[in-house]
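Novice: for reference, the sequence and a predicted model appear below.
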Amino acid sequence: MKKPSLSVWILIALVAGIAFGAVFPGPAKEFGLLGTIFLRLIKSIIAPLLFATLVVGIAGTGSIKTMGRIGGKAILYFEIVTTLALFIGLGAANLVHPGTGVALQVGANPGVATAGATLQTTAEHTFPTSIIDAMARGEVLQIVVFSFIFGAACAAIPGKSRAVVDFCESLSDVMFRYTNYVMLFAPLGVFGAMAATIGDKGLGVLLNLGKLVLTLYATQIFFVVVVFGTVAAIARIPVRRFIRWVREPFLIAYSTASSEAALPLALENMQAFGVPKHIAAFVLPTGYSFNLDGSTLYLSLASMFVAQAAGIHLSFGTQLTMMLTLMLTSKGVAAVPRASLVILAGTLATFNLPVEGVALLLGVDALMDMARTSVNLLGNCLATAVVARWEGVKFPTTDPESVTAATGV
């Protein structure tokens, strides 16, 4: 018999975690330790893996001009797709009216800061003062910026930097093998994370504010099928093969509600899919700050939900202005703790909407976070493939048998 793949084990762990959390809520909370251990192990991979793969990829191109062109294409793609996400979220809120009839408790403590990220603070946060400090704090964008410049410097002096690039290539290979070992723990980590979430919140989390949750999930599915499907068709991405390579990182992102947890495996799988190392290593982590499709869709939907719950009518012009504000502030979403809620609170305050609406959302935020995080991850994987096609890369429609057998997918 064929051995179950990692995807199957993760799905089994996901269902088992939900069942265990519902039946044994008290003990289930203690199993959150498994999820915490898994996330800590994953975070230990990110800094050395990103640094090594980016330096090797950029030095390998031998051209800063090439990387500048790739970066320009990536940013253009990010802006188009995230703008679509904002307006689809806005359209869903106006169509379904998920906040109508919901009692908004004025005076409730939202539990998060109300200040959003400004353009200045986001720009400052992009550049590291110390690469060691950035790695210690897991600042993905700062690591990318440093590695990009460091790799460009290596490309400028190929003779003298050969030993450094060789070391980074070896480090990259070692970290991918390290990732494979850590992923053996993934089903246990997923089980623990889900059990603890359901044990703490209860299955009632699936029922409270059900209209909003269902609207978010339906809109995210619509966005994935229609927008991502259209993008894949235009870019001629082999969809079935793409799904095969992204399903494991997608499941990890969904079950842990952590983009970081899925990053190492997504980086490895997109390279196996056929995206060149220098494109995958640059576009994927950069997208974690600039291409958060699931989060931007959620922000527009949640902002309108709060307005509707408060009984405040927003004109079409005001809604457009709010979307433009979110278009800018959401770019710094990855740099802020409890990012989406903080950006949402700042947006509500800017447009004189009750910040107490954030407190209303906290009860179901864990469930919604799973949806937006997994769509963020899927969108960034697709972005690497699109930019690679834009650069002239052709993807095979099927995997070699040896690759399929080795990976178990």
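Specialist: Structure received. Here the structure is a predicted model, which means the values were calculated and not measured. Numbers count the residues shown, from 1 in each chain.
Novice: CA only for contacts and neighbour counts going forward, please
Specialist: Noted.
Novice: farthest from the middle of this protein: give me that residue.
Specialist: What lies farthest from the middle of the chain is residue 159; by Cα atoms, centre = their mean that is 37.5 Å.
Novice: what segments of the stretch 201-350 of the chain are helices?
Specialist: Taking DSSP state H, counting those that start in this stretch to define them, one finds helices in the stretch 201-350 of the chain at 210-222, 229-235, 239-256, 259-273, 277-290, 293-309, 316-329, 339-350.
Novice: any chance of the ones you listed in TSV, with mean pLDDT, mean neighbour count and distance to residue 367 too?
Specialist: Conversion of those to TSV gives the following (pLDDT from 0 to 100; neighbours: other Cα atoms under 10 Å; distance: least, Cα to Cα, whole Å):
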stretch	mean pLDDT	mean neighbour count	distance to residue 367
helix 210-222	91	18	8
helix 229-235	95	15	24
helix 239-256	91	21	9
helix 259-273	89	23	15
helix 277-290	84	24	20
helix 293-309	89	26	12
helix 316-329	81	16	22
helix 339-350	74	23	13
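Novice: distance of the residue farthest from the centre of the chain relative to residue 165?
Specialist: Per Cα to Cα, to the nearest Å, residue 159 is found 10 Å from residue 165.
Novice: got it, and residue 44?
Specialist: Distance of residue 44 to residue 165, given as Cα to Cα: 21 Å.
Novice: between those two, which is the more surrounded one?
Specialist: Set side by side, residue 44 and residue 165 show unequal neighbour counts under other Cα atoms under 10 Å, the larger going to residue 165 at 23 against 16.
Novice: what pLDDT does the model give that one?
Specialist: At residue 165, the predicted lDDT confidence score is 90.
Novice: for it, helix, strand, or coil?
Specialist: Classification of residue 165 by DSSP: H, G, I helix; E, B strand; the rest coil places it in helix.
Novice: need the contact list for the residue lying closest to it once chain neighbours are set aside.
Specialist: Take residue 165 and drop its neighbours on the chain: the residue closest to it by Cα to Cα, 6 or more residues apart in numbering is residue 56, 5.8 Å away. The contact partners of residue 56, taken as Cα atoms under 8 Å, 6 or more residues apart in numbering, are 151, 165, 168-169, 278.
Novice: now with 7 Å, please.
Specialist: With Cα atoms under 7 Å, 6 or more residues apart in numbering as the criterion, the residues that contact residue 56 are 165, 168-169.
Novice: mind pulling the model confidence for it?
Specialist: In this model, residue 56 is scored at 84, pLDDT.
Novice: how about the one 5 residues further on?
Specialist: pLDDT, the model's per-residue confidence, is 65 for residue 61.
Novice: which ones are touching the residue lying closest to residue 81 once chain neighbours are set aside?
Specialist: The shortest distance from residue 81 to any non-neighbouring residue, by Cα to Cα, 6+ apart, is to residue 293 (7.1 Å). With contacts defined as Cα under 7 Å, 6+ apart, the neighbours of residue 293 are 82, 85, 375-376, 379.
Novice: the same query, at a cut-off of 6 Å, please.
Specialist: 82, 85, 376 (Cα atoms under 6 Å, 6 or more residues apart in numbering).
Novice: ditto for residue 83
Specialist: Shown in contact with residue 83 (Cα under 6 Å, 6+ apart): no residues.
Novice: that one and residue 50, how far apart?
Specialist: With the distance defined as Cα to Cα, residue 83 ends up 27 Å from residue 50.
Novice: again with residue 168
Specialist: Noted for residue 168: a distance of 10 Å to residue 50, by Cα to Cα.
Novice: which one of those two has more residues nearby?
Specialist: When neighbours are counted by other Cα under 10 Å, residue 50 comes out ahead of the other of residue 168 and residue 50, with 25 against 21.
Novice: low-scoring stretches of the stretch 51-200 of the chain, by residue?
Specialist: Scanning the stretch 51-200 of the chain for pLDDT under 70 picks out 61-63, 102-123.
Novice: what ranges do the helices span in the stretch 1-150 of the chain?
Specialist: Across the stretch 1-150 of the chain, reading from the start of the chain, the helices by DSSP H, counting those that start in this stretch fall at 6-23, 25-30, 32-61, 64-96, 119-126, 131-136, 140-156.
Novice: what's the angle from the first one to helix 239-256?
Specialist: Using axes from the mean of the first three to the mean of the last three Cα atoms, to 10 degrees, the inter-axis angle of helix 6-23 relative to helix 239-256 is 30 degrees.
Novice: what mean pLDDT would you report for helix 6-23?
Specialist: According to the model, helix 6-23 has a mean pLDDT of 85.
Novice: might one say that residue 52 is in contact with residue 166?
Specialist: No. Under the contact definition of Cα atoms under 6 Å, residue 52 does not touch residue 166, with a separation of 9.8 Å.
Novice: which one of these two has more residues nearby?
Specialist: residue 52 (24 against 13).
Novice: how about the nearest residue to the more buried one, chain neighbours excluded?
Specialist: residue 168 (4.6 Å).
Novice: tell me how far that neighbour lies from residue 174.
Specialist: Summarising the geometry, the distance separating residue 168 from residue 174, computed by Cα to Cα, is 10 Å.
Novice: could you do residue 20 as well?
Specialist: Going from residue 20 to residue 174 by Cα to Cα gives 36 Å.
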